[in-house]
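Peer 1: I would like to see how this sequence folds:
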Amino acid sequence: MSTLAGTGTLLRFALRRDRVTTPVWIAVTALMVLSMPDTLKSLYGTDAERTDLVRQLQTNAAYRALIGPLHDTSLGGLTAWRVGVYAGLLAAVTGLLVVVRHTRDEEETGRAELVASGAVGRRAALTAALLAAAAANAVLALVVTAGLAGQGTAGALALGLGLGATGMVFATTAAVVAQLTESARLARGLTSAVLGAAFVLRAAGDSASRDGSSPWTWLSPLGWLENLRPFAAERWWVLLLFAAAVLLQATAAYVLAGRRDLGMSFFPARPGPAAGRLGSAAGLAWRLQRGGVLGWSLGFFLAGVVYGGLTDGAAGLVGDNTGAREIFQRMGGQSGLTDAFLASMVGMLGLVAALYVVASVLRLDGEETSGRAELLLAGPVSRLRWAAGHLTIAFGGAALIMLLAGAGFAVGYGRQVAPILGACLVQLPAIWVIGGVAVLLYGLAPRLAPAAWGVAVAALLIGWVGPALNAPRLVLDLSPFGHLPKLPGGGMEWGPVLTLTGLAVVLAGAGLAGLRRRDVPA
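Peer 2: Take a look at the predicted model:
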């Protein structure tokens with residue numbers, strides 16, 4: 001039997017399973033890119049404004065580290081500069097999630113063993129996962145190319161191919177890591193760490209060089225995306241670097257997949273702790289989620305340090321650009337520009353923290369579908385006690401990472417410590433509402449639980465793109481974050497904060513009530 005037997009069937013199954021989540025990731029990434037030309041036209045519509053932007057970027061290494069160097073001042077070039085790196089990050093996340101889900105996740109839950117009992121080749125699952133990731137990145141490349149073609153066909157094609165290639169580089173990275181580790185959670189974590197390292201290398205290189213020529217930048221696939229230079233005398237040969245990385249990593253993944261037993265790994269998980277160290281369901285929940293909590297905590301603290309360090313230069317970067325000033329004020333309130341910048345950055349971290357709380361809540365669904373929850377609940381552990389351990393980490397962890405973000409701002413900015421900490425903590429009610437929606441969906445209709453990702457991403461999209469597009473108040477109010485007071489600088493409004501907190505309690509309570517009444521597993 002061929003090692004690829006059954007690949008087509010597994011690919012169709014993978015595409016069917018991802019028919020909601022993958023299109024959402026593609027849509028978010030594409031919309032983030034395609035919404036930029038009109039926004040940037042209003043911000044930098046004159047030659048003087050674009051010249052001033054170039055001058056600011058040449059003298060401000062911190063902003064180059066955050067966004068990257070600007071290679072061309074056309075609308076296409078501005079779009080590639082403003083969102084290229086972050087769209088590449090989203091494409092990379094999509095690729096790694098798809099591959100891990102259809103390889104290591106399937107083995108961890110036991111479904112791969114059932115499938116392998118049929119006429120399925122040894123490498124069919126890996127091939128199907130990589131093809132599913134390739135399909136997602138191809139669609140993203142086509143949408144971006146078609147959407148930006150009006151800015152220049154060659155530049156649009158370069159940016160689209162660059163984003164798709166970035167996604168495939170990290171999809172194949174995930175394929176290798178999935179062979180090395182025994183846990184899907186660890187595979188996602190390690191691949192995410194590689195992605196984080198790629199971002200740091202690119203940032204270090206861009207801060208040291210004005211044109212992306214630093215060796216540090218060239219060590220990162222995100223740096224390759226920049227140096228492809230869409231809309232700026234495209235360097236098509238850079239695509240060969242992506243192709244070489246994909247080919248090398250895919251080959252390594254295939255070799256490793258052929259040399260291990262199903263369900264095993266080259267770096268097996270070490271034995272669990274001795275008796276007594278996990279004396280409760282909450283202790284088990286913490287052990288399962290502590291890596292994620294620590295990773296998010298470190299990330300938010302470092303983000304706070306970076307954004308805090310950029311605050312003093314915010315006024316200089318915006319300069320006399322009325323459009324940019326208005327966007328900051330729509331995101332962060334009508335106070336002074338510095339306070340508006342701080343409030344907008346804190347708000348962005350709050351939006352990202354909503355992704356953490358959804359991931360942490362849905363760990364319940366993962367434990368249930370894997371069969372581990374059923375084994376645990378067969379003992380003297382109630383459903384509510386089991387769920388409470390994970391939800392404490394989800395909701396309490398959100399408070400922890402926002403508190404550490406505030407501490408990072410304090411380190412980076414060095415002023416307004418108490419107001420900034422308060423601004424970070426005031427994001428929690430909206431974050432908890434998103435978490436409450438996840439609990440509600442999991443408790444009442446577990447098959448719909450992944451839709452919580454759509455809710456979190458929609459809130460992120462409204463909060464990120466809405467102010468830039470000057471969206472009507474009715475649209476902004478669809479997100480719970482749209483009702484929070486703009487701190488620091490604005491006045492504290494307890495009404496919306498208490499209302500959102502109460503709504504989060506009601507949603508979570510309804511979800512737990514549903515969990516008590518339904519079958520486990522559903």
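
Peer 1: from here on, just use CA atoms for contacts and neighbour counts.
Peer 2: Will do.

Peer 1: dihedrals phi and psi, Thr181?
Peer 2: Main-chain dihedrals, Thr181, degrees, to the nearest 10: phi -110, psi 160.

Peer 1: what score does it have for pLDDT?
Peer 2: pLDDT, Thr181: 84.

Peer 1: how much space between it and Glu108?
Peer 2: 11 Å (CA to CA, to the nearest Å).

Peer 1: how about His390?
Peer 2: Separation of His390 from Glu108 (CA to CA): 20 Å.

Peer 1: between those two, who's got more neighbours?
Peer 2: More crowded of His390 and Glu108, by other CA atoms under 10 Å: His390, with 24 against 19.

Peer 1: ok, the more buried one - contacts?
Peer 2: Contact analysis of His390 by CA atoms under 8 Å, 6 or more residues apart in numbering lists 282, 285-286, 360-361, 363-364.

Peer 1: likewise Gly514?
Peer 2: 440, 443-444.

Peer 1: and it, how far is that from Val520?
Peer 2: 11 Å.

Peer 1: again with Arg82
Peer 2: Arg82 is 46 Å from Val520, by CA to CA.

Peer 1: repeat that for Phe481.
Peer 2: Phe481 is 33 Å from Val520, by CA to CA.

Peer 1: using CSV, list the CA coordinates for the helix or strand containing Ala513.
Peer 2: Assigned by DSSP states H and E, Ala513 belongs to helix 494-517. Output of helix 494-517 as CSV, limited to C-alpha atoms (Å, rounded to 0.1, in the frame of the first residue of the first chain):
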residue,chain,number,x,y,z
TRP,A,494,-18.7,52.5,36.5
GLY,A,495,-22.1,51.8,34.8
PRO,A,496,-20.7,50.1,31.7
VAL,A,497,-18.0,48.3,33.7
LEU,A,498,-20.5,46.8,36.2
THR,A,499,-23.0,46.0,33.5
LEU,A,500,-20.4,44.1,31.4
THR,A,501,-19.1,42.3,34.5
GLY,A,502,-22.7,41.2,35.4
LEU,A,503,-23.3,40.1,31.8
ALA,A,504,-20.1,38.0,31.9
VAL,A,505,-21.3,36.3,35.2
VAL,A,506,-24.8,35.6,33.6
LEU,A,507,-23.2,34.1,30.4
ALA,A,508,-20.8,31.9,32.3
GLY,A,509,-23.5,30.8,34.8
ALA,A,510,-25.8,29.8,32.0
GLY,A,511,-23.1,27.9,30.3
LEU,A,512,-22.3,26.0,33.6
ALA,A,513,-26.0,25.2,34.1
GLY,A,514,-26.0,23.7,30.6
LEU,A,515,-22.9,21.7,31.4
ARG,A,516,-24.6,20.2,34.4
ARG,A,517,-27.6,19.0,32.4
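
Peer 1: quick one: average pLDDT of it?
Peer 2: 94.

Peer 1: buried sites along it?
Peer 2: Buried residues in helix 494-517, defined by neighbour count with 16 or more other CA atoms under 10 Å: 496-497, 500-501, 503-512, 514-515.

Peer 1: which one of those sits closest to Ala253?
Peer 2: The closest of the buried residues of helix 494-517 to Ala253 turns out to be Leu515 (CA to CA; 39.4 Å).

Peer 1: how near is the closest one to Leu90?
Peer 2: With distances taken as CA to CA, Leu515 is found 33 Å from Leu90.

Peer 1: over to Thr51?
Peer 2: For Thr51 relative to Leu90 (CA to CA), the value is 30 Å.

Peer 1: out of those two, which sits in the busier spot?
Peer 2: When neighbours are counted by other CA under 10 Å, Thr51 and Leu90 differ, and Leu90 comes out ahead with 18 against 12.
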